[in-house]
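Student: Generate coordinates for the sequence data below:
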Amino acid sequence: MYVSGYIHPKWFESEGDRDLYFLKQVGIDHIDISLDLIDGYEQTGLFERSDLEALVERLDKIGLKIERITARGRVISDESGNDFDLNKETDNYCRMTELVGKTGIPVMSPVPPAHEKSQRLGGVMGSGFFQGQYCGDLIDPSMPGWEERTGRGGYAFPAYRHSEEEAVAVAEHDEMYNQLWDEMIGFYKTLMPVAESAKVLMAQHGVDPPITPVRGVPQILNTVADFERLFREVPSPNNGMTFCVGTRYESGENIFEAIKHFGSQNRIFHVHFRNVRGTLPKDGGYEERFIDDGDLNMMDVVRALDGVGYDRALDYDHVVKTNGDSYIGRQSVAFSAGYIRGLLAGF
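Tutor: Residues are numbered from 1 along each chain as shown. Here you go, the predicted model:
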């Protein structure tokens, strides 16, 4: 196993790539990024192979490799209300998967359009960032249920609370929920043969918060059973998951049983290695704390992953805010990377 970092696009804006070199300096060799970094992708849903290769070469000069790349689906309707052609969007994903494979990126996380839309409407995704990705804005204040709290010495972290009102299902919930599943399964059935041919591992991430509905909007991929359904309905050795330790713990399900379950099936392709306090079923919410300051003993998590033969990335995922830290959270990243390296050296 090795350290990987989930980084915001602002890491790419420093002069002479100083921030990217910082990642290498603190012992990070692999990174987890989004295709949004490539010009034109958000507008067209596509990119040129040369643009992706240029990004790979830029990182290679620093000594960084892309471990996982996220392809986010465009929201199903544009601002004028016109629907995107889902078949065309799926074709775009197939083409992107081929290009990702040709550039040697091993893992991809595809987010189809309706799934993307449900997360935005549910308020679990802000405009252009996800809570906890970088220090300047740990949360989007427009997202209900989220707030900043403080831990030891006053460091700040994101916290989520699911209200009684938000937990009430709307009348259309079942229909919308089934529509999400229908699109996901159809999308995957088309995409997976391409992924197999391109030798790209598809690592789907569950929703965060792992609950449905949120603000009356249905969410899928909340539970172990949801992932089992995806793997059962689209059987493929390239169909797997980003096992998010934080999200799986927040759900209230036993993460060690889940690691054993999915690890024995070779379904864990990537790990988001973060620690939280509290679960939704027991506490009605959770706190995204420093990696050593949550409910879990993270050495136990490392041992569990090793026990099922997992040998890929441990990605620190979210960051917290410490005194005097940079906008992108250098201090938090360095602490998290060093902590993971220490765990790997000691287990």
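Student: okay, CA-based contacts and neighbour counts for the rest of this
Tutor: Fine.
Student: biggest strand in the protein by residues?
Tutor: strand 65-72 (DSSP state E).
Student: Now V224: closest residue in space that isn't a chain neighbour?
Tutor: In this structure, V224 finds its nearest non-sequential neighbour in A258, 7.1 Å apart by Cα to Cα, 6 or more residues apart in numbering.
Student: now that neighbour: how far from R248?
Tutor: Between A258 and R248 the distance is 8 Å, computed by Cα to Cα, to the nearest Å.
Student: Show me which of these two is the more surrounded one.
Tutor: Set side by side, A258 and R248 give different neighbour counts by other Cα atoms under 10 Å, the larger being at R248 (24 against 18).
Student: Check the spacing between the residue nearest to that one when sequence neighbours are not counted and R229 real quick.
Tutor: By the measure of Cα to Cα, 6+ apart, the closest residue to R248 outside its immediate chain neighbours is I255, 6.0 Å from it. In this structure, I255 and R229 are 18 Å apart, going by Cα to Cα.
Student: List of residues touching stretch 97-108?
Tutor: Outside of stretch 97-108, the residues that reach it under the criterion Cα atoms under 8 Å, 6 or more residues apart in numbering are 49, 52-53, 56, 66-71, 194-195, 198-203, 269-270.
Student: Now for P235, how many residues are close by?
Tutor: Burial measure for P235: 14 neighbouring residues, criterion other Cα under 10 Å.
Student: SS state for it?
Tutor: coil (DSSP: H, G, I helix; E, B strand; the rest coil).
Student: In terms of helices and strands, where is W181?
Tutor: W181 is part of helix 173-198, with elements assigned from DSSP states H and E.
Student: need the helix or strand of the chain with the lowest average pLDDT.
Tutor: Ranked by mean pLDDT, DSSP states H and E, the helix or strand of the chain with the weakest confidence is helix 164-167, at a mean of 57.
Student: E147 should be in a strand, yeah?
Tutor: Yes: read with three-state DSSP, E147 is one of the residues of a strand.
Student: Please report the distance of it from T90.
Tutor: For E147, the distance to T90 equals 36 Å [Cα to Cα].
Student: Which of the two has more residues huddled nearby?
Tutor: Looking at E147 and T90 with other Cα under 10 Å, you find the greater number of neighbours at T90, namely 20 against 17.
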